[in-house]
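Trainee: would you be able to build a 3D model of this:
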Amino acid sequence: MRFTRQRGLWVVLAAGGWVCFLLLYLVYQTQTPNNLDRFGYGDDPSTSYLNLKEHQPPSNAVMLLEGYNNTRLTLRMYCALESAARAHYPTPVVLFMTAKKLRETRLLESLRKDLSNIQIVHLDVKKIFDKSPLSDWFAQRRWEESDWPLSHFNDAIRWLLLWFYGGVYLDLDVVVKRPLTQLPNCTGLESGQWASAGVLKFTPAHPLIRECLDHFAAHFDGKVWGANGPKLLTRVLTKRCGLELPSGRVPFCSDVSVLSPRAFYPLPWWDWQRYMQDDALLSDLLLQDPDVYVLHMWNLHSRQVPVRLHSQQPYARAARRLCPLTAAHSGPEM
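Mentor: Numbers count the residues shown, from 1 in each chain. Just a heads-up that it's a prediction; the model follows:
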């Protein structure tokens with residue numbers, strides 16, 4: 001009798017579980033089209049992809065990198081791409097992707113129609129590492145030793161893109177206000193302690209970038225998040241150029257400038273929340289300041305906080321002005 005009762009209880013619980021599953025599934029099916037539309041994917045249940053071709057960027061291009069092998073872009077990535085393309089038009093803005101395909105969306109179609117300088121290409125990582133200063137590092141698969149393997153792998157690609165092609169390099173969590181192509185070879189400070197590696201402008205085969213590559217190969221560190229980006233660059237600038245902090249002076253290098261944090265990092269990482277707070281005054285200051293070229297949105301910290309596009313959040317205000325197509329396709333939040 002006890003066994004029969006227990007069996008009956010399990011049958012009831014199993015049936016209840018299936019009912020809950022079906023209800024959740026129906027809710028998901030009902031909600032999915034709207035959610036996809038918010039992310040620019042539309043309500044078409046069919047999935048289509050662009051087959052990305054490989055080609056080298058033209059000289060003096062603006063480069064961004066999606067190195068996580070994703071086949072779709074988030075709205076904030078689209079905003080970075082759109083703002084870079086608008087600020088630099090008609091200069092080519094090239095998004096390198098390690099994925100071979102990119103999901104087509106209405107937003108992507110609109111951007112490519114409105115901004116003909118956008119180029120999205122596949123990056124053959126094996127080819128870019130071959131015969132480079134990091135060929136042995138790549139052959140030994142050193143990034144697999146890292147606590148953040150994909151992030152540190154992308155650090156390597158960043159330095160190689162600048163070494164081979166030159167131009168402007170931008171992280172995909174930026175919103176661009178002003179063109180950077182007329183700047184001298186430069187980086188900027190992200191704080192009084194570190195130079196930034198998220199916004200860089202250099203000519204091809206610049207000796208500073210070569211020294212960064214050599215340092216990367218000799219002293220790769222997989223235990224510290226920023227060891228192969230800002231910390232590496234700061235050490236190379238200090239050794240080669242006599243970098244003085246917090247002023248950013250580089251007395252030994254006439255061919256490199258280090259801009260103040262205001263240029264690319266007007267809010268430091270520990271103040272990232274201010275980009276997400278309703279603050280009309282801060283929004284005005286950031287958008288009107290002629291010394292601010294780029295707003296770096298610290299996606300590592302801010303990605304879980306919604307950008308409410310009709311608010312006075314600085315991120316929202318910047319998106320409405322600097323990536324308007326992305327904002328228009330986003331619905332109420334991005």
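Trainee: hang on, Asn228 packs against Phe216?
Mentor: Yes. Contact criterion Cβ atoms under 8 Å: Asn228 and Phe216 qualify, at 5.9 Å. The way it works is simple: take the backbone N, C-alpha and C, and place the C-beta from them, glycine included.
Trainee: find the residues that touch each one of these two.
Mentor: Applying Cβ atoms under 8 Å, 6 or more residues apart in numbering, one finds that Asn228 and Phe216 are jointly contacted by 155-156.
Trainee: comparing those two, which residue is more hemmed in?
Mentor: More neighbours surround Asn228 than the other of Asn228 and Phe216, with 28 against 25 (other Cβ atoms under 10 Å).
Trainee: show me where this structure has its strands.
Mentor: Secondary structure of the chain (DSSP state E): strands at 49-51, 62-66, 93-97, 101-103, 118-122, 167-170, 174-176, 186-188, 199-202, 257-259, 294-296.
Trainee: now for the ones you listed, which one comes closest to Leu75?
Mentor: Leu75 lies closest to strand 174-176 among those, at 12.0 Å (Cβ to Cβ).
Trainee: neighbouring strands - and their directions - for the closest one?
Mentor: strand 294-296 (antiparallel) (DSSP bridges).
Trainee: any residues touching the partner strand, and which ones?
Mentor: Residues outside strand 294-296 that contact it (Cβ under 8 Å, 6+ apart): 170-171, 173-178, 180, 190, 196, 198-199, 263-267, 275, 286, 314-315, 318.
Trainee: can you give me the neighbour number for Leu180?
Mentor: Count around Leu180 with other Cβ under 10 Å applied: 24.
Trainee: rewinding a little: can you flag which of the contacts of strand 294-296 belong to helices?
Mentor: 263-264, 286, 314-315, 318 (DSSP state H).
Trainee: how about stretch 269-287: buried residues?
Mentor: Under the neighbour-count criterion of 16 or more other Cβ atoms under 10 Å, stretch 269-287 has 272, 274-276, 279, 282-283, 286-287 buried.
Trainee: show me this structure divided up by domain.
Mentor: 1-38, 49-330 (automatic domain parsing).
Trainee: thanks a lot, see you next time.
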